[in-house]
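Participant: Here is my input; please provide its structure:
(chains A and B)
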Number of protein chains: 2
Amino acid sequence: MADIKNEIGLPAAIRVTRGLEFEMTVGESAVAAAWVLARPWNHAEELRRAPARGGGSARPPGVRAPLGQELRTRAAYLPTASKLINEEKLLQAKIFTRNFEDGLGFEYVMFYNDVEKRVVCVFEGGPYLQGMPGCLHGGAIATMIDATVGTSAMIAEGIVMTANLNINFKRPVPLCSVVLINSQLDKIEGRKLFISCNVQSVDEKTLYTEATSLFIKLDPEKQV
Amino acid sequence: MADIKNEIGLPAAIRVTRGLEFEMTVGESAVAAAWVLARPWNHAEELRRAPARGGGSARPPGVRAPLGQELRTRAAYLPTASKLINEEKLLQAKIFTRNFEDGLGFEYVMFYNDVEKRVVCVFEGGPYLQGMPGCLHGGAIATMIDATVGTSAMIAEGIVMTANLNINFKRPVPLCSVVLINSQLDKIEGRKLFISCNVQSVDEKTLYTEATSLFIKLDPEKQV
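Facilitator: This next block holds a predicted model:
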């Protein structure tokens, strides 16, 4: 689908072959090798604990990784019980961005750079994410921004929650096109994480969206 | 699913029976009669042109309306063509919030009050919209906020585009629960529309989310 060659400091070549899989050939340079695959949510902790990389030696070329594992439901962090919750339905819970058929919804992979505290998401919004005719729905853009900055926050601080998203939609994103979502961890103040983000065309010539976000680190002992 | 009785000035009784259908019994009072069903996007123009209502006479009791019509793709407003658009996929385009099976995704109806310039959305986020375990994904909340304030903007000014969404997530929304999204058109300045919004539990005791938004009215003669 997307074939992106080393234009933004990402690993030398990425080819997203279908919905949840991709092929990646890692470049020789230290810059390229600093990028690692970020598996959102359930794998964030694992990535956080991984040793620092460098020198292009940590990963064999031609890595191929499935990304479609379902999130295992955890008991922690369930909000205060509501009488209006449909408990039968709750058992079917699956993570939002992984619930469309391949090619129709959220198609993405994310990469994390521990040195630069950046997460880059390569995202193709499928035809079922339409808002205005021919354009990606603003909510779908907001969703992928939330997922990208959320991944950045989780890698940095573990379990977090979005407190604020402030999104400026500058130009409509064409439906079924590939874009890059670049996020940057700006600062951490106590339990607060400030992360900025933009959405650009792959050639970086078109700025579609800019956003800032605030995340709060959660205390695992307390219910939210 | 949701059975909400006249608590927020909505029509006397609403019963959302399944995904995209609902039954509504209109009350006798002028307040209740001022609320009309808002069919988002493709029907906004039709609603805008409808005559003003009052006195409870405009609508028979027990209205039952399907809401699942697919958006007809219009040629206008397509963004600048990108070489990266997958044109074959584009032909399958469908509106984002209507693409899950009944009961699994975005379940909602919206009502518009022309007198008060308000749109209220009754929304149940299904099990496929999960973010943190047991909670609605922040992006799914953002999507329904965008859809609700967008409907308000379109009813007021025709074809519009989201320019800014600023969302404060105060408490997690339990997955598979019913919430109310209340939006209010605050002011119009030239082509700009300012609309505020909140997400509450049906009993109005829990404030989940607050948001402000800015929409820009589009010129049908110009490409965005």
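Participant: in what helix or strand does A:Ala140 lie?
Facilitator: Element membership of A:Ala140 [criterion: DSSP states H and E] is helix A:138-157.
Participant: what's the angle from that helix to helix B:138-157?
Facilitator: Per axes from the mean of the first three to the mean of the last three Cα atoms, to 10 degrees, the angle that helix A:138-157 makes with helix B:138-157 is 150 degrees.
Participant: Do me a favour and average the pLDDT over helix A:138-157.
Facilitator: Regarding helix A:138-157, the rounded mean pLDDT is 94.
Participant: what do you get for stretch A:206-222?
Facilitator: The pLDDT scores in stretch A:206-222 average 89.
Participant: With stretch A:161-181 instead?
Facilitator: For stretch A:161-181, mean pLDDT is 93.
Participant: Same check on stretch A:88-98?
Facilitator: Average pLDDT, stretch A:88-98: 83.
Participant: Pull out the buried residues from that stretch.
Facilitator: Within stretch A:88-98, the residues scored as buried using 16 or more other Cβ atoms under 10 Å in any protein chain shown are A:Lys89, A:Leu90, A:Ala93, A:Lys94, A:Ile95, A:Phe96, A:Thr97, A:Arg98. Just so you know, the C-beta spots here come from the backbone N, C-alpha and C atoms, and that holds for glycine as well.
Participant: re the thing from before, could you identify the helix or strand that succeeds the helix holding A:Ala140?
Facilitator: strand A:160-169.
Participant: can I get the CA coordinates of the helix or strand just after that next one in CSV?
Facilitator: Next helix or strand after strand A:160-169 toward the C-terminus (DSSP H and E): strand A:178-189. Output in CSV follows, covering the C-alpha atoms of strand A:178-189 (Å, rounded to 0.1, in the frame of the first residue of the first chain):
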residue,chain,number,x,y,z
VAL,A,178,-1.5,7.7,3.1
VAL,A,179,-0.5,10.3,5.7
LEU,A,180,2.2,10.6,8.4
ILE,A,181,1.2,11.5,12.0
ASN,A,182,4.3,12.9,13.8
SER,A,183,4.2,13.2,17.5
GLN,A,184,6.7,14.7,19.9
LEU,A,185,6.8,14.4,23.7
ASP,A,186,7.4,18.1,24.6
LYS,A,187,7.6,17.9,28.4
ILE,A,188,6.6,16.0,31.6
GLU,A,189,5.5,17.9,34.7
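Participant: Could you list the buried residues of strand A:178-189?
Facilitator: Going by neighbour count (16+ other Cβ under 10 Å), the buried part of strand A:178-189 is A:Val178, A:Val179, A:Leu180, A:Ile181, A:Asn182, A:Ser183, A:Gln184, A:Leu185, A:Ile188.
Participant: still on that earlier bit, check the buried residues of stretch A:88-98 against chain B, which are close?
Facilitator: When contact is defined as Cβ under 8 Å from any Cβ of the partner chain, the buried residues of stretch A:88-98 meet chain B at A:Lys89, A:Leu90, A:Ala93, A:Lys94, A:Ile95, A:Phe96, A:Thr97.
Participant: What backbone torsions are found at A:Leu129?
Facilitator: With angles defined as degrees, to the nearest 10, A:Leu129 sits at phi -110, psi 30.
Participant: Near the spatially closest residue to it that is not a sequence neighbour, how many other residues are there?
Facilitator: The shortest distance from A:Leu129 to any non-neighbouring residue, by Cβ to Cβ, 6 or more residues apart in numbering or on different chains, is to A:Ala140 (4.0 Å). If you count neighbours by other Cβ atoms under 10 Å in any protein chain shown, A:Ala140 ends up with 28.
Participant: now do A:Glu116
Facilitator: The number of residues packed near A:Glu116 is 14, by other Cβ under 10 Å.
Participant: Now do the same contact list for A:Ala93.
Facilitator: By Cβ atoms under 8 Å, 6 or more residues apart in numbering or on different chains, the contact set of A:Ala93 is A:Thr73, B:Pro127, B:Tyr128, B:Gln130, B:Pro133, B:Gly134, B:Leu175, B:Cys176.
Participant: now the helices for chain A?
Facilitator: Assigned by DSSP state H, the helices in chain A fall at A:30-33, A:44-49, A:87-90, A:138-157.
Participant: okay, those helices, which one's buried deepest?
Facilitator: helix A:138-157 (a mean of 26; mean count of other Cβ atoms under 10 Å in any protein chain shown).
Participant: Please find the angle between the direction vectors of that helix and strand A:160-169.
Facilitator: 140 degrees.
Participant: how much does helix A:138-157 deviate in direction from strand A:178-189?
Facilitator: 50 degrees.
Participant: count of residues packed around A:Phe194?
Facilitator: By the criterion of other Cβ under 10 Å, A:Phe194 has 17 neighbours.
Participant: Quick check: the gap between it and A:Phe215.
Facilitator: 8 Å (Cβ to Cβ, to the nearest Å).
Participant: try A:Gly105
Facilitator: Computed as Cβ to Cβ, the A:Gly105 to A:Phe215 distance reads 24 Å.
Participant: Settle it for me: which of the two has more neighbours?
Facilitator: Under the neighbour definition other Cβ under 10 Å, A:Gly105 and A:Phe215 were set side by side, and A:Phe215 has more, 27 against 23.
Participant: for the more buried one, what are its contacts?
Facilitator: A:Phe215 sits in contact with A:Val149, A:Gly150, A:Ala153, A:Glu157, A:Val160, A:Met161, A:Thr162, A:Ala163, A:Lys192, A:Leu193, A:Ile195, where contact means Cβ under 8 Å, 6+ apart.
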